[in-house]
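**Q** Just need the structure, nothing else, for what follows:
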Amino acid sequence: MVNYESIYPGVEYTSAMPSHYTEPIANYQANIATLGMAMDARTANQLGELNTKMNPGAKTFEVQGISGQTMESIPNQHLDEMRRLAKLTGVEPTLHGPLLNASGVEREGYTDEQRIGVEKQMESALLRAHKLDINGNIPVTFHSSSNLPEFAPHTMEDGKKVEEGVFIIDQDTGQIGQIRKEKRFLPEEGEFTGKRLPFDTARELERRNKENWLSQLSRVGHNVQFGENAIDRVRGRIAGEGKPPVSYEKVNEIQKINVDKITDEADKKRIIEYQGELDYGHVYLKESYRNLRDLFDKSWSAAKEGNLTKEQEKLKKYADWTKDKIKKDFENDPKQIEKLRSVVDRGLRTLSTIKTTPEVFKPLREFAIEKSAETFANVAESAYNKFGSKAPIVSIENPPGGEALSTGEDLRNLVVASREQLAKNLLGKGMSKGQAKDVAAKMIGATWDVGHINMMRKKGYSEKDIVKETKKIAPFVKHVHLSDNFGLDHTELPMGMGNVPLKPMINEIKKAGFDGKQIIEAGNWWQFFADKGGGNPFLPSIEAFDSPIYSMKEGPGWANTGVYGAYFSGHGSINPPIHHNTYGAGFQTLPIELGGEIPGGDRGRFAGG
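**A** The predicted model follows:
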């Protein structure tokens, strides 16, 4: 079958073909100038990709450095060449940075080394992005997380969030744990109903921290008891059966005895047993003391952070009491056993009266936001220090729904925390509070991926819930990624092919002041369809948006190109000879530009036939 595509060379896809890939999005029309193309992330030859992607007429392109290796494989010369090509053709560049966990949290846990390493990778991508546009604030997208499970598993039922558990982190070790949804019936206060209590993250976390704190205090208490019992056994044996134990000074004398000088074998054996028992008790007291110091530090930090004056006073009183007793390594001196025992005893009693439980375990979501904010703020500060008002900006993207920090609320909290940390950094360098706040708002924002948030449907989110999440992040959005899916998997299709509620989401963003670029991400289209004759995803996308064909932004739109005819679309050569050959119009003697005549034909379209 002959179609438009075979007549007009270079056209891969158009609505003039027999069937449409997409349906226009109801009552929504996007200006083609606001739309851009993400390049194929499967290749590091982003320069070659740019040449291909500009052909359909996209005015914005997004360099894909989404893997660290790909980003590192793009030469600086290619970035320079892309900038020159963009300037020559009037298109605008953006960049998608590597998929990294800015928090430093990985599945196996957290370390400062991991976070700092990620920060250096992000910093490199942001600084190199300046080569793409040295005169503007090019947005550089980084995901809020990468390939991590949801930190606070939940589902939605009738518009209400139902918590299914929570991931936590041990701030001392960096190890990650999970509190699962358990069956609890006995309320901490109020009437017992016999019904299962709903999962409460705050309640479960408080329970875990209390259990951990009591366990550590108990461990110290047990060690003290073991140590004192061993020493007291020796004190009793020295005094003799039925007599009060001797003093600790007498015990110290036992420790000083050189058994090699004892000639009586029975006495020698007895003294060796005494010294062994004392060493055993001493070891337990030393371990108690060292554990006690750690617990004191945690308790002091908790009291100070909570601004709890009375508890700070108790702890300080104990610390002052030990001033004349504790010397460096005194716990290793056998002569100091009595002093060591008294220091541990009093310390344990003091800590037992402290009501505030140190938060050893923290919700992983809060921890990750705090550490991610530190990374993003440091990266943005580095770019601002080097390029000033022309620095690339950090745009934090929501990852596929169901991954960590993927909701609008999480992304908003992360952007706010990152801006606050950046402002704090700049204040420390002498900038005024107002200026620091303005710079932070300019340097850090959000990339909202409409396809990613739609994937929350598999958790029970409705279309209204998805739009609500968009509304939460809308004031911070600087950049938009467009892809369609059916809410169940990460299938990046051109808009109009799935059930992403684009129009209400874009309306919420624009009401909040958004005027940035919208990048078409259609990885599945490239992977499964582009090399099968499906064409460039830019074309079905602008058809779905019914983007105006002409620059004056009036009709017809791309969804109507089949109605108005192919000549209006501007594809390929206008009025090529093959058109007349195919449809029977032959004027051999006319110039070829006007069609000419089919060789061997005896009639023409205008010859009465």
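**Q** contacts and neighbour counts: CA atoms only from here.
**A** Noted.
**Q** any idea how far Gly36 lies from Gly513?
**A** 19 Å (Cα to Cα, to the nearest Å).
**Q** The two: which is more packed in?
**A** Taking other Cα atoms under 10 Å, Gly36 and Gly513 do not tie; Gly36 has more neighbours (28 against 14).
**Q** Doesn't the more buried one belong to a helix?
**A** No. Under the criterion used here (DSSP: H, G, I helix; E, B strand; the rest coil), Gly36 is strand, not part of a helix.
**Q** ok, it - contacts?
**A** 58-62, 517-520 (Cα atoms under 8 Å, 6 or more residues apart in numbering).
**Q** how does it look with 7 Å?
**A** 58-61, 518-520 (Cα atoms under 7 Å, 6 or more residues apart in numbering).
**Q** Show me where this structure dips below the pLDDT cut-off.
**A** By pLDDT under 70, the weakly predicted segments of the chain are 1-23, 26, 241-242, 526, 529-535, 550-555, 560-609.
**Q** what's the following helix or strand after the longest helix anywhere in it?
**A** Ranked by residue count under DSSP state H, the longest helix found in the chain is helix 265-305. Sequence order places helix 309-321 as the next helix or strand after helix 265-305, per DSSP states H and E.
**Q** got the angle between the helix or strand just after that next one and helix 265-305?
**A** The first helix or strand that comes after helix 309-321 along the chain, using DSSP H and E, is helix 337-352. Per axes from the mean of the first three to the mean of the last three Cα atoms, to 10 degrees, the angle that helix 337-352 makes with helix 265-305 is 30 degrees.
**Q** Helix 337-352 - contacts with which helices or strands?
**A** Counting contacts by 3 or more Cα pairs under 7 Å, 6 or more residues apart in numbering; DSSP states H and E, helix 337-352 packs against helix 265-305.
**Q** Which elements pack onto the helix it packs on?
**A** helix 201-239, helix 309-321, helix 337-352.
**Q** Go through the longest one and flag the buried ones.
**A** Okay, so that is helix 201-239. 201, 204-206, 208-210, 212-213, 216-217, 219-221, 223-228, 230-232, 234-238 (16 or more other Cα atoms under 10 Å).
**Q** name the helices or strands packed onto it?
**A** Helix 201-239 sits against helix 265-305, with contacts defined as 3+ Cα pairs under 7 Å, 6+ apart.
**Q** what's the angle between the helix it packs on and helix 201-239?
**A** 150 degrees.
**Q** if we look at the helix or strand containing Lys510, which residues are touching it?
**A** Under the criterion of DSSP H and E, Lys510 resides in helix 502-511. For helix 502-511, contacts defined as Cα under 7 Å, 6+ apart pick out 28, 450, 467, 470-471, 474-475.
**Q** between these, which is nearest Gln527?
**A** Closest to Gln527 out of these is Val450 (20.1 Å), distances taken as Cα to Cα.
**Q** Neighbours of the closest one, how many?
**A** Neighbours of Val450 (other Cα under 10 Å): 25.
**Q** Skipping adjacent residues, who's closest to it in space?
**A** Leu482 (5.9 Å; Cα to Cα, 6 or more residues apart in numbering).
**Q** burial count for that neighbour?
**A** 25.
**Q** wait, isn't it in contact with Asp449?
**A** Yes. Using Cα atoms under 7 Å, Leu482 is in contact with Asp449, at 6.2 Å.
**Q** From Arg203, how far off is Glu189?
**A** The gap separating Glu189 from Arg203 is 12 Å, by Cα to Cα.
**Q** Leu95 now?
**A** Per Cα to Cα, Leu95 is found 43 Å from Arg203.
**Q** check which helix or strand covers His481.
**A** Short version, using DSSP H and E: His481 is in strand 477-482.
**Q** Quickly run through the sheet partners of that strand, with directions.
**A** If you go by DSSP bridges, strand 477-482 pairs up with strand 444-449 (parallel), strand 518-520 (parallel).
**Q** List the contacts of that strand.
**A** Taking Cα under 7 Å, 6+ apart as the rule, strand 477-482 contacts 395, 445-451, 495, 514, 516-521.
**Q** What is the most widely separated pair among those?
**A** Between all members of the contacts of strand 477-482, the farthest pair (by Cα to Cα) comes out as Gly445 and Met495, at 23.8 Å.
**Q** Specify the beta-bridge partners of the residue nearest to Val450.
**A** Ile520.
**Q** What's the separation between it and Met505?
**A** 11 Å.
**Q** same thing with Gln77?
**A** 38 Å.
**Q** Between the two, point out the one with more neighbours.
**A** Legend: neighbour count by other Cα under 10 Å for Gln77 and Met505, higher for Met505 (21 against 11).
**Q** still on that earlier bit, how about a markdown table for the helices and strands packed on helix 265-305, with distance to Asp158 added?
**A** As requested, these are exported to a markdown table (distance: least, Cα to Cα, whole Å):
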| stretch | distance to Asp158 |
| --- | --- |
| helix 201-239 | 20 |
| helix 309-321 | 45 |
| helix 337-352 | 45 |
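**Q** Of all those, which one comes closest to Lys328?
**A** From the helices and strands packed on helix 265-305, taking Cα to Cα, the stretch that ends up closest is helix 337-352, at 12.2 Å.
**Q** Show me the contact partners of that closest one.
**A** By Cα under 7 Å, 6+ apart, helix 337-352 touches 248, 282, 285, 288-289, 318, 322, 325, 331.
**Q** Mind putting the residues you listed into TSV with neighbour count and distance to Gly402?
**A** Formatted as TSV, these follow (neighbours: other Cα atoms under 10 Å; distance: Cα to Cα, whole Å):
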residue	neighbour count	distance to Gly402
Tyr248	17	63
His282	26	53
Leu285	29	49
Ser288	25	44
Tyr289	23	46
Tyr318	17	49
Thr322	16	52
Lys325	13	56
Glu331	21	52
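**Q** If we only consider these, which is nearest to Pro153?
**A** The closest of the contacts of helix 337-352 to Pro153 turns out to be Ser288 (Cα to Cα; 38.8 Å).
**Q** In this structure the closest one contacts Val224, no?
**A** Yes. Contact status for Ser288 versus Val224: in contact at 6.1 Å, counting by Cα under 7 Å.
**Q** Just the helices from the stretch 451-600 of the chain, written as ranges.
**A** 463-473, 502-511, 523-524, 538-544, 561-564, 577-583 (DSSP state H, counting those that start in this stretch).
**Q** of all those helices, which lies closest to Asp170?
**A** helix 463-473 (29.7 Å).
**Q** That closest one to strand 444-449, inter-axis angle?
**A** 160 degrees.
**Q** Could I get the buried residue list for helix 463-473?
**A** Buried-residue list, helix 463-473, by 16+ other Cα under 10 Å: 463, 465-473.
**Q** Could you do stretch 375-394 as well?
**A** 375-384, 387, 389-394.
**Q** can you dump the C-alpha coordinates of it into CSV?
**A** C-alpha atoms of stretch 375-394 as CSV (Å, rounded to 0.1, in the frame of the first residue of the first chain):
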residue,chain,number,x,y,z
THR,A,375,25.0,16.6,49.2
PHE,A,376,22.8,18.7,46.9
ALA,A,377,23.6,21.9,48.9
ASN,A,378,27.3,21.3,48.7
VAL,A,379,27.1,20.5,44.9
ALA,A,380,25.0,23.6,44.2
GLU,A,381,27.4,25.8,46.3
SER,A,382,30.4,24.5,44.4
ALA,A,383,28.7,25.5,41.0
TYR,A,384,27.6,28.9,42.4
ASN,A,385,31.1,29.6,43.7
LYS,A,386,32.6,28.9,40.3
PHE,A,387,30.0,30.4,37.9
GLY,A,388,28.0,32.8,40.0
SER,A,389,24.6,33.8,38.5
LYS,A,390,25.3,31.7,35.4
ALA,A,391,25.8,28.4,37.3
PRO,A,392,23.8,25.3,36.3
ILE,A,393,21.0,24.5,38.7
VAL,A,394,20.3,21.3,40.6
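**Q** So which residues make contact with that stretch?
**A** Contacts of stretch 375-394 (Cα under 7 Å, 6+ apart): 102-103, 119, 122-123, 126-127, 129-130, 134-141, 418-419, 421-422, 443-445.
**Q** Nothing else from me, thank you.
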